[in-house]
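Asker: just a sequence and a predicted model for now, questions to come.
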Amino acid sequence: MARELIQTRVDGEIKRAADALFASMGLSTQDAVRMFLHQSVTMGGLPFQPVAKIPNETTLAAMKDAEEGRVHRAESLEEFYNDLGI
């Protein structure tokens, strides 16, 4: 079977993180891409369910408070840092 070349550009930070992740599993990034393509064809679609980042409960509560006008606005940077405990 003839092999084809696939080239793509990705953010360098993502590439380095992916390289490290796959290396920790004993794979190269190229191996992982080949596995992804094989699984996609085998399953007839993406081999995972794409999801957006979902805010945690604390963030959701803060967003609701902000939408409803229940927010505390610091009067100074010092007060802001004190509110954060730093």
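Answerer: All right, it came through fine.

Asker: and the pLDDT for Asp31?
Answerer: On the pLDDT scale, Asp31 is placed at 97.

Asker: correct me, but it touches Phe22?
Answerer: Yes: counting by C-beta atoms under 8 Å, Phe22 is a contact partner of Asp31 at 7.0 Å. (Glycine included, C-beta is placed from N, CA and C.)

Asker: so these two - more neighbours on which side?
Answerer: Between Asp31 and Phe22, Phe22 has the larger neighbour count (other C-beta atoms under 10 Å), namely 17 against 12.

Asker: contacts only, for that one.
Answerer: Shown in contact with Phe22 (C-beta atoms under 8 Å, 6 or more residues apart in numbering): Ser28, Thr29, Asp31, Ala32.

Asker: can you rerun that using 7 Å?
Answerer: By C-beta atoms under 7 Å, 6 or more residues apart in numbering, Phe22 lies in contact with Ser28, Thr29, Ala32.

Asker: alright, I will stop here.
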